[in-house]
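Novice: Have a look at this prediction, sequence included:
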Amino acid sequence: MRLTKKRKAQEILSILKTLYPDATCSLDYQTPVQLLVATILSAQCTDERVNKVTPNLFARFPDAPSLAHAHREEVETLIRSTGFFRNKAKNIQGTCLKIVKEFNGEVPQTMKELLTLPGVARKTANVVLAHAFGIIEGVTVDTHVKRLSNRLGLTKNSQPIQIEKDLMKLLPQPEWENFSISIIYHGRAVCNARKPQCDMCQLIHLCSDYKKNQKK
DNA sequence: ATCCCGAGGG
DNA sequence: CCCTCTGGAT
């Protein structure tokens, strides 16, 4: 192997940073609770669509107590277009109720506590910790991070938790969330699921999938 | 492994 | 019609 996998990962990150210097969390929010809710809504849904429903949702129910005690049907109606709206409404209200009752109205700031909230697993927890509190606990692995990490050859695993462990070994801890954010931008703009734009891609010299397809 | 679920693109 | 979108719980 000419390039160690670690070296390759950092090279990828370096290029992505130059391509997307202003990459940030694309969800709109004002408070940690709102970021948490927006992130729950982002499951299997574009952030663009989430940002279309959250202004109305947060205007009506701006905080954890109001969301926790809202009528389920009204919450469902407000978030309907994001899909999975029954599960998401139940999880948002369950999470907000737990925040009010067990966490003194504040979003908890540890992975362990966040994972006790309904509808919150490592992906959502990593996003909230990083962007609401500046705590880099792990690598956010969503559908884009999963797809690109596999295509680029940074992991051979398909389960998000295993992919996260692999990426944590390959990248310096302070860069974990920067990697996720910028690779998500690249996944949306260039390396999309259906038809990756390899002719536009700045990473093809580092891409296992591109090399494999060249051989055939 | 399967279910939840709407909207947009091809 | 089929696939995909910053997943999580059963």
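Specialist: That came through, no problem.
Novice: And chain A, what are its domain boundaries?
Specialist: Following the assignment in automatic domain parsing, chain A carries domains at A:5-23+A:139-215, A:32-133.
Novice: nearest to DNA strand B, of the ones you listed?
Specialist: domain A:32-133 (2.3 Å; C-beta to the nearest atom of the strand). C-betas here are computed from N, CA, C, even on glycine.
Novice: Pull the distance from the closest one to the chain's centre.
Specialist: The chain centroid and the centroid of domain A:32-133 are separated by 14 Å, computed with C-alpha atoms, centre = their mean, to the nearest Å.
Novice: so does that domain get close to DNA strand C?
Specialist: Yes: where contact is defined by C-beta under 7 Å from any atom of the strand, part of domain A:32-133 touches DNA strand C, namely A:39-40, A:42-48, A:83-84, A:87, A:91, A:117-125, A:127.
Novice: looking only at pLDDT, what's the mean for that domain?
Specialist: Taken as a whole, domain A:32-133 has a mean pLDDT of 98.
Novice: Give the burial count for A:Leu67, as a bare number.
Specialist: By the criterion of other C-beta atoms under 10 Å, A:Leu67 has 24 neighbours.
Novice: actually A:Val53, not the one I wrote
Specialist: Counted with other C-beta under 10 Å, the neighbours of A:Val53 add up to 19.
Novice: Hmm, it is touching A:Gly83, no?
Specialist: No: the pair formed by A:Val53 and A:Gly83 falls short of the contact definition of C-beta atoms under 8 Å, at 10.8 Å.
Novice: Near DNA strand B, which residues of chain A? Just list them.
Specialist: With the criterion set to C-beta under 7 Å from any atom of the strand, chain A comes near DNA strand B through A:44-46, A:49, A:80-87, A:194.
Novice: now, which of the residues you listed sits nearest A:Lys8?
Specialist: Within the residues of chain A next to DNA strand B, the smallest distance to A:Lys8 is 25.3 Å, found for A:Arg194 (C-beta to C-beta).
Novice: Tell me which helix or strand comes right after the lengthiest helix in chain A.
Specialist: Longest helix in chain A by number of residues, with DSSP state H as the criterion: helix A:85-102. Moving toward the C-terminus from helix A:85-102, the first helix or strand encountered (DSSP states H and E) is helix A:111-114.
Novice: In that following helix, which residues are buried?
Specialist: Within helix A:111-114, the residues that count as buried by 16 or more other C-beta atoms under 10 Å are A:Glu113, A:Leu114.
Novice: How about residues contacting the next helix-or-strand element following it?
Specialist: Once helix A:111-114 ends, the next helix or strand along the chain (criterion: DSSP H and E) is helix A:122-133. Taking contacts as C-beta atoms under 8 Å, 6 or more residues apart in numbering, the residues outside helix A:122-133 that touch it are A:24-25, A:32, A:35-36, A:39-40, A:107, A:109, A:111, A:114-115, A:120, A:135-142, A:160-161, A:164, A:176-177, A:180.
Novice: how about 6 Å then?
Specialist: Residues from elsewhere that reach helix A:122-133 (C-beta atoms under 6 Å, 6 or more residues apart in numbering): A:25, A:32, A:35-36, A:39, A:109, A:111, A:114, A:135-138, A:140, A:142, A:177.
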